[in-house]
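>>> Here you go, sequence then predicted model.
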There are 2 protein chains.
Amino acid sequence: MKHKTSKNFIAACPVPLADYPNILLAHGGGGKLMRQLIDKIFVASFENDLLEKLEDGAVFSVGNQRLAFTTDSYVVRPIFFPGGDIGTLAVNGTVNDLAMCGARPLYLSAGFILEEGLPMETLWRVTQSMKHAAEAAGVQVVTGDTKVVERKNGDEILINTSGIGIVEHGLDISPAAIQAGDAVLLNGDIGRHGIAIMAQRQGFAFENTIESDCADLSGLVGKLLQEQIEIRCLRDLTRGGLGAVLVEIAEAARLKIHLAGDTIPVCEAVRGACEMLGLDPLYVANEGRFAVFVSSKDAERALHVMRDHPLGRGAARIGGVVEKSSAQVTLKSEIGATRIVDMPRDEQLPRIC
Amino acid sequence: MKHKTSKNFIAACPVPLADYPNILLAHGGGGKLMRQLIDKIFVASFENDLLEKLEDGAVFSVGNQRLAFTTDSYVVRPIFFPGGDIGTLAVNGTVNDLAMCGARPLYLSAGFILEEGLPMETLWRVTQSMKHAAEAAGVQVVTGDTKVVERKNGDEILINTSGIGIVEHGLDISPAAIQAGDAVLLNGDIGRHGIAIMAQRQGFAFENTIESDCADLSGLVGKLLQEQIEIRCLRDLTRGGLGAVLVEIAEAARLKIHLAGDTIPVCEAVRGACEMLGLDPLYVANEGRFAVFVSSKDAERALHVMRDHPLGRGAARIGGVVEKSSAQVTLKSEIGATRIVDMPRDEQLPRIC
C-alpha cells in the first residue's frame, strides 16, 4: 500500500524562518515567542474553535455531559526541590489546569519518558509523590505509557499528564466572559515556586529556605463555585507569572486591567531574592497561585471564601477591569508611578515547570 | 505554609535495586522488563481497577456516557521515515489505542517537548503531518502544551498525545471476555514499521523500500462493530510485535492460544530483511496492524468485513484459543514443528515508536 508522505502536501511554514530558523529556549518560556509559536505553528496546523481559545484546557460536551480535557508536560530541573518534585508538579499542574476550566478533576493519564541510566529509586520516589498528590486531589491515574530513550546524562525524567474533568455548573469561564468593573483577586503571595527552583539549581542559600507553592487548587476553586461566586475567568500563574497571564487575558478579550502594586502580595524572602537576582516577581512562575476575575458585587464575598481555605489565607484584591476596549495592563507602583505591564519576550528561568 | 516532601513518606521501592539499580533501554521495550516496571512501579503506585487492567486505554462512565481515555509518548528516531513521521505516528497511534478499546476517537491533546536548536521547519512538517492524520481520522487536537529543553544534539522532538473516545456499544472488549474456541484474526502482514525504521536508521538499502504500515485503524474497527461482529478483544501490534501482544493477552486471561505459522502474513521484503538482520518478524513492531479475537461463529464474516476495507485486504485467520487454563502461546511452524512463543526480554530495536 502506498502512503503519502507529509512532504507532498505541507504548506509553507508561517514562522519567518529567516528570523527564527531554530527553536529557542524562549519558545517554551510563556512569553511573546511562545505565543508566536502557538499561533503560527500549532493553531495554524490544528485549527479548531476549542484550541483557538488557548485556555488551560478544552471544554466540550459529550452526550449531555460537559467535560474538560487538558495536557501538560513537566521537564523541571532539579527533579526534587523544596516543597515538591516533578511528580507533585505533574499531578497538581494538570489538576489545576482542569480547575481553571471550572471542572472537577476526575482522571489523569501519565506518560513517562525516561533516560537510560535513570536511578530506579528516583523513578519510584517520583511515582510515590504522584500517588500521594493524586490521592489528595481525589483523582485517579487510570492509563499510562513509558518510553526509554538512549543515555545522555542518565538523569532525565520527563512526564506528561493529561486530565479529564467534569463541568458541573452553567457558567462560561473564559476571558470572553469578563466584564468592565470586574475585580481581579489572587489567592496568595507570588513567586515562591520560581525562586525555590532557582535557589536549588544555583545552590544559593537564602537565610530561610523558600519552598515551592506547588498545590492542588481544585478544592479552593470548587469552594468558590459551590458558594455561587459569579466567576468570570480563572487562570493559574505558572510560566511567565502573574504578569504574562494578565497580559494574555487582556489581549484575548481586549481589556484594560489596572493593578494596584501595593496590594500584590510578595513575601519578604521572595522579594529579597528577586532584588538580589534582578528578577521581577511579577514574571516569576508559581504552581499554587491563580488569578480569578469575579463580578465586582461578589468580590468581597469571594475574598472571604478564599481566606477561609488553607490555600487562600493570603488572598488579595489586586485590581480590576477598567473597560473593554483595547488590551492593556497597567500597574500603579508603591511610590505612585503607573507603568505598563508588558509580555516578557521569554522566560526569566528555563525548565521551571 | 509547610509542605510535606515526598521523602517523608515513600514506601520501599518494590523493584529489586540490586538487580536493576537503573533504567535500561529494555524497560521501554515492550517485553518482560517493561512489564515488571509497569507492575512494580506504576501499578503499585497508582493502584486502581482501571489501570490494573493494563489495556490500551481506560474505559469508564461519566454520567450515562461510556468514554475511553488513553495516552502515548512518541520518541521514534529518525523523525521522518518511509510511510510517515513522528507526527503521523503520534496521531494514528493514539487514535488506534482508542479504537482498540472499541471507542470512536473524538479529541486529542498534543504535548510537545522540543530541544533548543530544533529546526523550525522540522516542527512545522511534523505538525502538518499531524493535521492531515487528524483530519483523516476525524479527530480534533483541542488542547496542547509546549516545553523547550536545553540543547544537546539540537534535533530532539518528543510528542505526547492523549485521546478521548466514546464507546457506543455494549460489548466488553478485553482479554477477560475471550472464550475457548475464539478465532484470532490479523488485518495484514506484519513487521513493516519496525523494518522501515531500522532500514532508515542504519542506512540499509533494500531492493524495494519498505514503508511503515502506520495507519488509522479506527475506521476498520468501527466497521467490524457496525457489522455486529462479536468482538472479544482488540490489540494493536506495536512494541514487541504480534508475539509480545499475544503472550500478554494469554497471561492476562490465562489462555492457551495456538497459531498456525504458515497463516501469518509476512511480505517477501520484510522476511528477507529479517533473515539478513537476524530478527524474528513475530517480535517486530507494527503501527497499522492489530489482532482481533472474535467468536468462532463470526470469524469468516469478520474476515470478509476486514478484506473489504483498504486496511484489511491482507486479513488472515492465524489461530485460535484452545482453552482457558494456563497461559501459553504455541506456534506450529511451516515445517510442522511446534514451539512456545515467549515474551521477549527486551525490544529488538529501541525508539521504534
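Right, received. Where do you want to start?

>>> In the stretch 101-250 of chain A, which residue sits closest to chain B?
A:Val148 (3.1 Å; C-beta to the nearest C-beta). In this view, the C-beta of every residue, glycine as well, is placed from N, C-alpha and C.

>>> Which strand residues bridge that residue?
With DSSP bridges as the criterion, the beta-bridge partners of A:Val148 are A:Leu114.

>>> Return the residues in contact with it.
Neighbouring residues of A:Val148 by C-beta atoms under 8 Å, 6 or more residues apart in numbering or on different chains: A:Ile113, A:Leu114, A:Glu115, A:Glu116, B:Ile23, B:Leu24, B:Leu25, B:Ala26, B:His27, B:Gly28, B:Gly29, B:Pro350.

>>> A:Gln202: which of those residues is nearest?
Using C-beta to C-beta, A:Glu115 comes nearest to A:Gln202 of those, at 22.9 Å.

>>> ok, that closest one - contacts?
A:Val148, A:Val149, A:Glu150, A:Arg151, A:Lys152, A:Asn153, A:Gly154, A:Asp155, A:Glu156, A:Ile157, B:Ile23.

>>> any chance of the residues you listed in TSV, with secondary structure, pLDDT and distance to B:Arg339 too?
Written out in TSV, the entries for the contacts of A:Glu115 read as follows (DSSP: H, G, I helix; E, B strand; the rest coil; pLDDT from 0 to 100; distance: C-beta to C-beta, whole Å):
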residue	secondary structure	pLDDT	distance to B:Arg339
A:Val148	strand	94	29
A:Val149	strand	93	33
A:Glu150	coil	90	32
A:Arg151	coil	89	35
A:Lys152	coil	84	39
A:Asn153	coil	79	42
A:Gly154	coil	78	38
A:Asp155	coil	81	41
A:Glu156	coil	89	39
A:Ile157	strand	96	39
B:Ile23	coil	95	31
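
>>> a markdown table for the contacts of A:Val148, including distance to B:Ala137?
Conversion of the contacts of A:Val148 to a markdown table gives the following (distance: C-beta to C-beta, whole Å):
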| residue | distance to B:Ala137 |
| --- | --- |
| A:Ile113 | 24 |
| A:Leu114 | 29 |
| A:Glu115 | 31 |
| A:Glu116 | 32 |
| B:Ile23 | 32 |
| B:Leu24 | 34 |
| B:Leu25 | 30 |
| B:Ala26 | 31 |
| B:His27 | 30 |
| B:Gly28 | 25 |
| B:Gly29 | 27 |
| B:Pro350 | 27 |
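
>>> Between all of the residues you listed, which two are at the greatest distance?
Taking every pair in these and measuring C-beta to C-beta, the maximum separation is 15.5 Å, between A:Ile113 and B:Ala26.

>>> quick one: low-confidence ranges for the stretch 201-350 of chain A?
Applying pLDDT under 70 to the stretch 201-350 of chain A picks out residues A:206-207, A:347-348.

>>> How about the residues of it by chain B?
Within the stretch 201-350 of chain A, the residues that sit near chain B (C-beta under 8 Å from any C-beta of the partner chain) are A:Glu211, A:Ser212, A:Asp213, A:Cys214, A:Ala215, A:Pro310, A:Arg313, A:Pro350.

>>> Give me the buried subset of these.
Burial of those was assessed by neighbour count (16 or more other C-beta atoms under 10 Å in any protein chain shown); the buried members are A:Glu211, A:Ser212, A:Asp213, A:Cys214, A:Ala215, A:Pro350.

>>> Can you pick out the most distant pair from those?
For those, and using C-beta to C-beta, no pair is farther apart than A:Ala215 and A:Pro350, which are 22.8 Å apart.

>>> was I right about A:Thr209 contacting A:Pro82?
Yes: taking C-beta atoms under 8 Å as the contact criterion, A:Thr209 and A:Pro82 are neighbours in contact, 5.1 Å apart.

>>> If you count surrounding residues, which of the two has more?
Here A:Thr209 and A:Pro82 are set side by side on neighbour count (other C-beta atoms under 10 Å in any protein chain shown), and the busier one is A:Pro82, at 18 against 12.

>>> show me what contacts the more buried one?
For A:Pro82, the contacting residues are A:Ala196, A:Ala199, A:Gln200, A:Thr209, A:Ile210, A:Glu211, A:Ser212, B:Thr5, by C-beta under 8 Å, 6+ apart.

>>> Just want the most central residue of chain A.
The residue lying closest to the centre of chain A (C-alpha atoms, centre = their mean) is A:Thr238, at 3.4 Å.
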